[in-house]
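> what shape does this take:
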Amino acid sequence: MARFAGQPVLDAGLDVLASADRLLVLAGAPADFAAAVAAPLAEAVLAPTDFGKADADGGGRTLAVAARAGLVALGSGTADHVALVDGAGERLLYVTPCPPQPVLQGGAVSVAAWTVTAAAPV
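Residues are numbered from 1 along each chain as shown. As a prediction, this is how the structure comes out:
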């Protein structure tokens with residue numbers, strides 16, 4: 001029997017991620033929302049225009065998250081994770097590793113564009 005998931009099903013989880021209102025640059029993967037917001041190395045406010053959905057190569061759907069440049073570092077450390085959070089709902093929505101970059105408080109931090117894929121069932 002073949003498996004199938006329609007676009008609305010695949011998009012539902014991506015829509016939750018696209019409701020994130022902040023992107024956090026972190027040293028390490030946080031265990032929960034409180035840990036994520038406790039000491040970000042940098043952060044950016046997000047808007048719906050920072051996200052875009054499209055078909056994924058090979059099936060499924062992707063959510064593109066826009067790049068950020070020139071974020072002011074709030075602390076010092078090695079940035080190695082990026083998180084999407086819903087501040088109003090106090091929810092940690094997504095965490096992903098990023099290429100490590102040294103960050104000095106007051107310096108500039110950049111985050112490349114990245115995608116999340118909701119794969120079609122196989």
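> Thr78 and Val25: what is the separation?
Separation of Thr78 from Val25 (C-beta to C-beta, to the nearest Å) stands at 11 Å. (Each C-beta comes from the backbone N, C-alpha and C, glycine too.)
> ignore the last one, Ala36
Computed as C-beta to C-beta, the Ala36 to Val25 distance reads 11 Å.
> quick one: which of the two has more around it?
Shown here are Ala36 and Val25; by other C-beta atoms under 10 Å, Val25 has more neighbours (26 against 23).
> the strands in the protein, which residues?
Here the chain has its strands, by DSSP state E, at 22-26, 42-45, 51-55, 61-65, 68-72, 77-86, 91-103, 108-111, 114-118.
> just the ones you listed: most buried one?
Across the strands of the chain, averaging neighbours per residue (mean count of other C-beta atoms under 10 Å) puts strand 22-26 on top, at a mean of 23.
> helices and strands around it, which ones?
Packing contacts for strand 22-26, counted by 3 or more C-beta pairs under 8 Å, 6 or more residues apart in numbering; DSSP states H and E, involve helix 33-38, strand 42-45, strand 77-86, strand 91-103, strand 108-111.
> go again with 6 Å.
Judged by 3 or more C-beta pairs under 6 Å, 6 or more residues apart in numbering; DSSP states H and E, strand 22-26 is in contact with strand 42-45, strand 77-86.
> neighbouring strands for the first one, and are they parallel or not?
Spelled out, that is strand 42-45. Strand pairing for strand 42-45, using DSSP bridges, gives strand 22-26 (antiparallel).
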